[in-house]
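S.K.: Sequence and computational prediction follow.
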Amino acid sequence: MKKVSLSVRIFIGLLLGVLAGLMLQSSPAVATTYIKPLGTLFLNLIKMIIVPLVLSSLVVGSASTGDVGKLGRIGIKTLTYYLITTALAVMLGLFLANVLNPGFGLSIPLDATAEAKEIPSMVDTLLNIIPTNPIQAMANANMLQIIVFAIFLGVAITLVGDKGKPFLAFFDSMAEVCYKIVAIIMEFAPIGVFGLITPVITEHGVSALLPLLKVIIAVYLSCFIHAIVVYSGTVYISAKMSPATFFKGAAPAMMLAFTTSSSSGTLPVTMKCAEDNLGVPKSIGSFVLPLGATINMDGTALYQGVCALFVAQVYGMDLTIVEQMTIVLTATLASIGTAGVPGGGLIMLTMVLQSVGLPLEGIALIGGIDRILDMARTCINITGDMACAVLVSSTEGELQKPAQKSI
Ligand code: ASP
């Protein structure tokens, strides 16, 4: 009998989770006590493997590119793609919010207060990328610092030549072992997804979502359009890959991002999908994807665009074109600084609101439905990373035929 594919099994877990969530709405404690731990267990398993996986695969990746020039070229392509698509995403979010007007006709009492997020200076941010203690960087799972350290190791291994080979072989073997662990953990994904989604549905009753339904529609619709237009276009134009192949290959990671609301939590699966299903070589995926999970957040940027306009509308403030351009800029920067964890984008939204003088209390309006918006934006965040990995692999002439055994 043919085994049902993992994507289908995860999808079934997702559907059953939504159903269970709807049925348990009158007794949410059951979901929190008995079902949520299944999701937490799964998430812990994935988090367990992130640091060793990223470190080992990126060391191997940067060592096997063999030359620093190539690494620089891949870096520039990746950053350029990430920046352009993020700015496009904010513009799309603003456009749809201008069309759908989610904040008109809403008057919501203002009693909550919110603190603006302190914006770290540019210099501090740049200095912080270098880990003064790599072990600590790993202990804290600081992805940017781990990336920098791994690239140093990889480049130095290449420069050392023969003597570096045993060291490289060690990381190569470690990366393979980590991939195997991801494959084992993924067998548990359908149950994990079920455990993650059920409590979210029980907590967010339909009645709580209705008043802000237009915001939800604006965010989901922009996410959908962005994925269909930008990512399909990217993979088709750069690699002649059909969008259907791309989204089918990306589906397990997309569903996981949707349920976990965490780009970093999904990273091991994003890497596995890109490599096994989309033909991205390890040497490129291990650089582009961890970097993307940390700094490339199209979904978050687009959500910040929609929310800024929504808050402006609720408070009856008109935003000029210049102010909307300011939002494009700050939301692009804010999304880069957003942590790939649940709710990270909501914190950075303060920075966007502040940039055009919108009331920070607006955050309180969004807070109640943020988790529902987070699911869609995280899904888009990691899909953008995979589209970039396909583009870079293809323009480097390294896109492979997807592996026989896909997940
Ligand atoms: N949850 C998102 C992510 O991990 C970040 C956000 O809150 O926008 O990608």
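M.R.: Arrived safely, thanks for sending.
S.K.: which non-adjacent residue is nearest Leu391?
M.R.: Ser238 (4.2 Å; CB to CB, 6 or more residues apart in numbering). Heads up, the C-betas are built off the backbone N, CA and C, glycines and all.
S.K.: Looking at the stretch 251-400 of the chain, which residue is nearest the ligand?
M.R.: Scanning the stretch 251-400 of the chain for the residue nearest the ligand gives Gly345, at 2.4 Å (criterion: CB to the nearest ligand atom).
S.K.: Excluding chain neighbours, what is closest to that residue?
M.R.: Using CB to CB, 6+ apart, the nearest residue to Gly345 is Thr300, at 4.0 Å.
S.K.: List the contacts of that neighbour.
M.R.: 334-335, 338, 344-345, 348, 377-378, 381 (CB atoms under 8 Å, 6 or more residues apart in numbering).
S.K.: Neighbour count for these - can I get that in CSV?
M.R.: As requested, these are exported to CSV (neighbours: other CB atoms under 10 Å):
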residue, neighbour count
Ala334, 27
Ser335, 30
Thr338, 26
Gly344, 23
Gly345, 30
Met348, 23
Arg377, 32
Thr378, 32
Asn381, 34
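S.K.: who in the stretch 301-407 of the chain is up against the ligand?
M.R.: 338, 340-345, 374, 377-378, 381 (CB under 6 Å from any ligand atom).
S.K.: The residue of the stretch 101-250 of the chain found nearest the ligand: what's it in contact with?
M.R.: As assessed by CB to the nearest ligand atom, the ligand sits closest to Val219 within the stretch 101-250 of the chain, at 10.7 Å. For Val219, the contact set (CB under 8 Å, 6+ apart) comprises 93, 302-303, 306, 373, 376-377.
S.K.: Find the helix or strand that it is a member of.
M.R.: Element membership for Val219 (DSSP states H and E) is helix 213-226.
S.K.: For the helix ranked longest in the chain, name the packing helices and strands.
M.R.: When the chain is parsed with DSSP state H, its longest helix is helix 68-100. If contacts are counted by 3 or more CB pairs under 8 Å, 6 or more residues apart in numbering; DSSP states H and E, helix 68-100 sits against helix 143-160, helix 213-226, helix 282-295, helix 298-314, helix 321-337, helix 370-395.
S.K.: I'd like to know how many residues surround the nearest residue to Leu319 once chain neighbours are set aside.
M.R.: For Leu319, ignoring the flanking residues on the chain, the nearest one in space by CB to CB, 6+ apart is Ala312 at 5.1 Å. By the criterion of other CB atoms under 10 Å, Ala312 has 23 neighbours.
S.K.: measure Ala312 to Asn381 for me?
M.R.: 24 Å (CB to CB, to the nearest Å).
S.K.: near the ligand, anything from stretch 255-270?
M.R.: Yes: against the ligand, stretch 255-270 shows contacts by CB under 6 Å from any ligand atom at 261-263.
S.K.: Verify the contact between Ser261 and Asp374 for me.
M.R.: Yes: taking CB atoms under 8 Å as the definition, Ser261 is a contact partner of Asp374 at 4.2 Å.
S.K.: hey, what's in contact with both of those two?
M.R.: 342-343.
S.K.: Tell me where the model's unsure across this structure.
M.R.: Residue ranges of the chain with pLDDT under 70: 1-2, 65-66, 106-120, 122, 206-208, 403-407.
S.K.: got a list of what Ser262 touches?
M.R.: Ser262 neighbours (CB under 8 Å, 6+ apart): 43, 340-342, 378.
S.K.: mind redoing it with 10 Å?
M.R.: Taking CB atoms under 10 Å, 6 or more residues apart in numbering, we find Ser262 in contact with 43, 46-47, 256, 293, 339-344, 374, 378, 381-382.
S.K.: mind checking how far Val59 is from Gly285?
M.R.: 14 Å.
S.K.: Oh, that last question was meant for Gly205, not what I typed.
M.R.: 40 Å.
S.K.: Of the two, which one has the most company?
M.R.: Gly285 (28 against 14).
S.K.: my guess is Ala251 meets Phe11, correct?
M.R.: Yes: using CB atoms under 10 Å, Ala251 is in contact with Phe11, at 7.8 Å.
S.K.: The two: who's more crowded?
M.R.: Neighbours around Ala251 and Phe11, counted as other CB under 10 Å, are more numerous at Ala251. The numbers are 20 against 16.
S.K.: Quick one: list the elements packing against whatever helix or strand that one lives in.
M.R.: Secondary structure from DSSP H and E places Ala251 in helix 243-260. Judged by 3 or more CB pairs under 10 Å, 6 or more residues apart in numbering; DSSP states H and E, helix 243-260 is in contact with helix 6-23, helix 36-64, helix 189-203, helix 232-239, helix 263-278, helix 370-395.
S.K.: Tell me which of those sits nearest to Ser173.
M.R.: helix 36-64 (8.4 Å; CB to CB).
S.K.: so how far is the ligand from the residue nearest to Ile191 when sequence neighbours are not counted?
M.R.: With sequence-adjacent residues excluded and distances taken as CB to CB, 6+ apart, Ile191 is closest to Leu38, at 5.6 Å. Here the criterion is CB to the nearest ligand atom, to the nearest Å. By it, Leu38 lies 21 Å from the ligand.
S.K.: which residues sit in contact with Leu38?
M.R.: Contacts of Leu38 (CB under 10 Å, 6+ apart): 13, 17, 188, 191-196, 198.
S.K.: Isn't Asp298 up against Ala376?
M.R.: No: here Asp298 does not reach Ala376: they are 11.3 Å apart, not a contact under CB under 10 Å.
S.K.: anything in contact with each of the two?
M.R.: 222-223, 227.
S.K.: ok so, going back, more neighbours: Asp298 and Ala376, which one.
M.R.: When neighbours are counted by other CB under 10 Å, Asp298 comes out ahead of the other of Asp298 and Ala376, with 33 against 23.
S.K.: Flag every buried residue along stretch 314-332.
M.R.: 314-315, 319, 323-324, 326-328, 330-332 (16 or more other CB atoms under 10 Å).
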